[in-house]
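Q: need a structure here:
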Amino acid sequence: MLVLGDAHANTPERRRVLERVYEVADPDVALQLGDLFYYELPVETYFIAGNNEDFDVIDALRHGRVRSSNVKNARLLDSHEVEVQGLTIGGLSGNFAPTQYDKPRSALRGDRRRHFVRNDVQRLKRVGEVDVLLTHEAPHGTPVREEYSVGCGPIDELLDVLEPDLCLVGHHHQHTETSVRGTRVITVAPTWKSYYELDPETRSVERFETPSV
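A: From the prediction side, this is the model:
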């Protein structure tokens, strides 16, 4: 199972990198952690929306309205879970903004559609336990280094309620591994630096250097 971090594949160069990783890894299925921005994919890919996307496409995927030659094999995880190769995988799309969190999703306009809201988090909590959780924001307690304090309270809550064995995180463009609240948390490097393979049986994750294109 291929695991990909942020792709930012809205430029030809980044798109070629993304396509090259799929070619080299030759996966049956893939997981992607947001900031994808390109939705015509070679194999079934379960992804969460990040804070850099085509949000018209994301809204359409949320509501099952996409009928487009530019969307292929892209399966949005929007506060729900799926069974993939024997794993229960849950996903929370978007990033956190305190000023937007208590609004209804219908109130988010333009680029504000990049955020998750309280109802998104509550809906995901109701799915029960999952094996793997995909998020675009990190919980508190990771060794990620930014110019601001890293850690998102709603993600902490999801770890407590869903009790995943593994949480995979995008957004920060850094590879780190740690244990948070009893869950193994991996913040994933961007696609142009690394790709990963997840063994569904052992739940081990192996990192590989992205080949040049």
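Q: pLDDT below threshold where in this protein?
A: Within the chain, the segments meeting pLDDT under 70 span 66-69.
Q: who touches the spatially most central residue of it in this structure?
A: Residue closest to the mean C-alpha point of the chain, counted by Cα atoms, centre = their mean, is L33 at 2.3 Å. Applying Cβ atoms under 8 Å, 6 or more residues apart in numbering, we find L33 in contact with 3-6, 47-48, 50, 134-136, 168-171, 188. Bear in mind the C-beta positions are built from the backbone N, C-alpha and C, glycine included.
Q: now do it against A7, distance only.
A: 9 Å (Cβ to Cβ, to the nearest Å).
Q: can you check D59 too?
A: Separation of D59 from A7 (Cβ to Cβ): 19 Å.
Q: what's across from K72 in the sheet?
A: Beta-bridge partners for K72, by DSSP bridges, are E40.
Q: based on its surroundings, how many neighbours for it?
A: 14 (other Cβ atoms under 10 Å).
Q: equivalent analysis for F47, please.
A: 27.
Q: mind listing what it touches?
A: Residues in contact with F47 (Cβ under 8 Å, 6+ apart) are L31, Q32, L33, G34, L36, A74, R75, L76, L77, G91, L134.
Q: next step: these restricted to strands.
A: In strands, judged by DSSP state E, the following of those are found: L31, Q32, A74, R75, L76, G91, L134.
Q: buried stuff in stretch 170-189?
A: 170-176, 180-181, 183-189 (16 or more other Cβ atoms under 10 Å).
Q: the residue lying closest to L77 once chain neighbours are set aside: how many residues sit nearby?
A: Spatial nearest neighbour of L77, chain neighbours left out: G91 (2.7 Å); criterion: Cβ to Cβ, 6 or more residues apart in numbering. Residues lying near G91 (other Cβ under 10 Å) number 28.
Q: kindly report the same for R105.
A: By other Cβ under 10 Å, 19 other residues sit near R105.
Q: oh, and call the first residue 43 from now on, that's how I've got it
A: In the new numbering, first residue 43, that becomes R147.
Q: surely it touches N161?
A: Yes: assessed by Cβ atoms under 8 Å, R147 is found in contact with N161 at 6.6 Å.
Q: quick one: the helix or strand containing C209 to chain centroid distance?
A: Here C209, judged by DSSP states H and E, is contained in strand 208-211. Computed by Cα atoms, centre = their mean, to the nearest Å, the separation of strand 208-211 from the middle of its chain amounts to 9 Å.
Q: after that strand, which helix or strand is next?
A: Beyond strand 208-211 in the direction of the C-terminus, DSSP H and E gives the next helix or strand as strand 218-222.
Q: could the C-alpha coordinates of the following helix or strand past that next one be exported in PDB?
A: Using DSSP H and E, the helix or strand that follows strand 218-222 in sequence is strand 225-229. Extracted in PDB, the C-alpha atoms of strand 225-229 (Å, rounded to 0.1, in the frame of the first residue of the first chain):
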ATOM      1  CA  THR A 225      -0.600   5.800  18.800                       C
ATOM      2  CA  ARG A 226       2.400   5.600  16.500                       C
ATOM      3  CA  VAL A 227       2.400   8.900  14.600                       C
ATOM      4  CA  ILE A 228       4.400   9.500  11.400                       C
ATOM      5  CA  THR A 229       4.500  13.000   9.900                       C
END
